[in-house]
Structures are given as structure tokens and as C-alpha cells.
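Peer 1: Can you look at this prediction? I've put the sequence above it.
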Amino acid sequence: MKKYEVAKEYIIITLATLITASALFFFLIPSHLSVGSITGLAVVLSNFIPLPISVITMMMNVVLLAFGLIFIGREFGAKTIYTSLLTPVFLAVFEYIFPDNTSMTQDPFLDMLCYVFVVSIGMSLLFNRNASSGGLDIVAKFLNKYLRMELGKAMSMAGICMALSSALVYDKKTVVLSILGTYLNGLVLDHFIFGSNIKKRVCILSEKEEEIREFILKDLHSGATIYEAYGAFDYQVKREIITIVDKNEYAKLMNFLAKTDANAFVTVYAVNEVIYRPKQ
């Protein structure tokens, strides 16, 4: 990568880490919630360990970071080293600036909702750059890589275990809110990640096959596959064009089909992930 590209990427990662740390400090910590994060577990452990939450978070992140470097890879580890160190630093800065931090909403339920929304923005930015805020994100990335589990579901599975830890210290309401927040966090995270990357698989049966093929290749600069198909009623041979496009390309393709062949038979499927090796 060129230097300016690296600088741009780390600026985005820094901003994403700041967003995540802000969500932790201003919404999670004041309500004593343990919503799917190492910092949430640190909130619980701070009742037993006489250290600042930022320090406890740093200690646990270092352990999980070693795990990530071994099993996930150097690129992921390098970026996560940066964010794992930066998150507790941001928390420590917030602790210094706001020593008497209290809930902004004065309602644990609203704090949980605000936390889920804000932290999902930060984490989705990190995951889309093959990075992590550290902690449970490393576990989620591990499950995603080796078990092909969706990131949101992986976060929920690991996070629920952390949420249950709040039962050691806090009341039933806090435990329930922690578990509910962890579940919602997974759903919202999936929305932010796949909402920006989702593609469409478009299958087209049309008499204007050649015109459609030319449009896909030359105007959309996309690829396509053509299959021979037989109609079940009359066994007449037809040719089906299949292409995978993003949201903008999908809109252009559908507009073109409406003008070129209004009678075309089109089926559309959502595609969450496309894996391929580009031609050299």
C-alpha cells in the first residue's frame, strides 16, 4: 500500500477506535452494563480488582491480542495491536477529563440502546478494514475465519458469556439488559457490515440476451455467466444470464432491463459475500 493509503486507513481506524471508546465510556460504564465487550467484563472485575477500568481492559486485551496474532494473522494483529493499545488510552483520557462521569440519559435501557448503536458504527469500520478494537472482537474474528460464522453472531456468542458475568455483582435488571444489549449489538453490527457490502445475484431470461450481455460487460464492467435452461412446459431451450452486482449497478441494470425488455423474467437474490481470485 502507498504511504498516503496507509495513513488514510489508520486515520479511519483511529476515528473508529475513538467512537468505540466513547460508546464504552459514556454509555456502557456509567450503567454498569456488560454488553459483549472486554470493557464490560472489566466493569465487573473492577468490583474485585482495585485498578482503573482502562488498566484492566489493557491487561485483558494484551492476552487476547497474543491469541489473535497466533491464530488470525499478522495483518489483523498489527492493526489490532494499535487499536488494543489505543482503546484503553482513550478510556484513560476520558477518565482524566471526566472523573465523575455519570449516565447521560439517567436510564440504563436508553444507555444500552445508545451504546449498541454507537459502538456498532465503530466496530463495523474496524472489521471492514480487517482490524478490531481488541478483546472479544478478536474471538469473533477467529470464529468468522475458521467456522465461517457471521461476525454479528460470533460477537453475540462471545458477548453473552461476558454479559452473564454481570450476575456476579449486579442485579437481575442489569444482567437482563446486558444480555439483551449483546444480542442487539450482534444484529446491528451485521446490519452495518453487510448493509454496506451486500450484493445482488440477478438471473435473467430474455429474448434480448446479447444486448443485456453487452450492457453488463461494457457499461457495468461486471462479469456474467450464461447457462442453457429448458422450460418445463415445452422443453424449449433458453439461455439464462447470471451476474452479481452492487447496489448502484443493480439500479442501472434494472433500469436498462425495463427499457430493453419489459417482458424479461428476472429473479434476484441477496449475496452477503463474494470470494474469488481476480484474473491476472
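Peer 2: All right, it came through fine.

Peer 1: which residues in the stretch 101-250 of the chain form helices?
Peer 2: Secondary structure of the stretch 101-250 of the chain by DSSP state H, counting those that start in this stretch: the helices cover 108-127, 136-147, 151-164, 172-197, 209-214, 247-260.

Peer 1: Reformat those into JSON lines and put mean neighbour count, mean pLDDT and distance to D234 next to each item.
Peer 2: (C-beta placed from N, C-alpha, C; glycine too.) Listed next are those as JSON lines, based on neighbours: other Cβ atoms under 10 Å; pLDDT from 0 to 100; distance: least, Cβ to Cβ, whole Å:
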{"stretch": "helix 108-127", "mean neighbour count": "22", "mean pLDDT": "86", "distance to D234": "49"}
{"stretch": "helix 136-147", "mean neighbour count": "20", "mean pLDDT": "76", "distance to D234": "46"}
{"stretch": "helix 151-164", "mean neighbour count": "22", "mean pLDDT": "75", "distance to D234": "45"}
{"stretch": "helix 172-197", "mean neighbour count": "19", "mean pLDDT": "76", "distance to D234": "40"}
{"stretch": "helix 209-214", "mean neighbour count": "15", "mean pLDDT": "92", "distance to D234": "18"}
{"stretch": "helix 247-260", "mean neighbour count": "15", "mean pLDDT": "89", "distance to D234": "24"}
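
Peer 1: Take these and lay them out in TSV including distance to F26.
Peer 2: Formatted as TSV, the helices of the stretch 101-250 of the chain follow (distance: least, Cβ to Cβ, whole Å):
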stretch	distance to F26
helix 108-127	8
helix 136-147	19
helix 151-164	19
helix 172-197	15
helix 209-214	52
helix 247-260	33
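
Peer 1: which stretch among the ones you listed comes nearest F233?
Peer 2: Between F233 and these, the tightest spacing by Cβ to Cβ is seen for helix 209-214, at 20.0 Å.

Peer 1: which helices and strands does that closest one pack with?
Peer 2: If contacts are counted by 3 or more Cβ pairs under 8 Å, 6 or more residues apart in numbering; DSSP states H and E, helix 209-214 sits against strand 237-245, helix 247-260.

Peer 1: Mind doing that once more with 7 Å?
Peer 2: Counting contacts by 3 or more Cβ pairs under 7 Å, 6 or more residues apart in numbering; DSSP states H and E, helix 209-214 packs against strand 237-245.

Peer 1: Now the spatially most distant residue from the centre of the chain: phi and psi?
Peer 2: What lies farthest from the middle of the chain is D234; by Cα atoms, centre = their mean that is 47.0 Å. D234 adopts backbone torsions of phi -120, psi 0, taken as degrees, to the nearest 10.

Peer 1: tally of neighbours for the closest residue to S103 other than its chain neighbours?
Peer 2: In space, and not counting its chain neighbours, S103 is closest to P30: 4.1 Å by Cβ to Cβ, 6 or more residues apart in numbering. Using other Cβ atoms under 10 Å, P30 has 18 neighbouring residues.

Peer 1: Over to D107?
Peer 2: Neighbours around D107, by other Cβ under 10 Å: 12.

Peer 1: that older thread, hang on, the residue nearest to S103 is in a strand, isn't it?
Peer 2: No. Counting by DSSP: H, G, I helix; E, B strand; the rest coil, P30 is not found in a strand; it is coil.

Peer 1: Which residues lie in contact with it in this structure?
Peer 2: P30 makes contact with N101, T102, S103, D111 under the criterion Cβ atoms under 7 Å, 6 or more residues apart in numbering.

Peer 1: With distance to T260 added, can I get those residues in JSON lines?
Peer 2: Shown next, in JSON lines, are the contacts of P30 (distance: Cβ to Cβ, whole Å):
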{"residue": "N101", "distance to T260": "60"}
{"residue": "T102", "distance to T260": "62"}
{"residue": "S103", "distance to T260": "58"}
{"residue": "D111", "distance to T260": "53"}
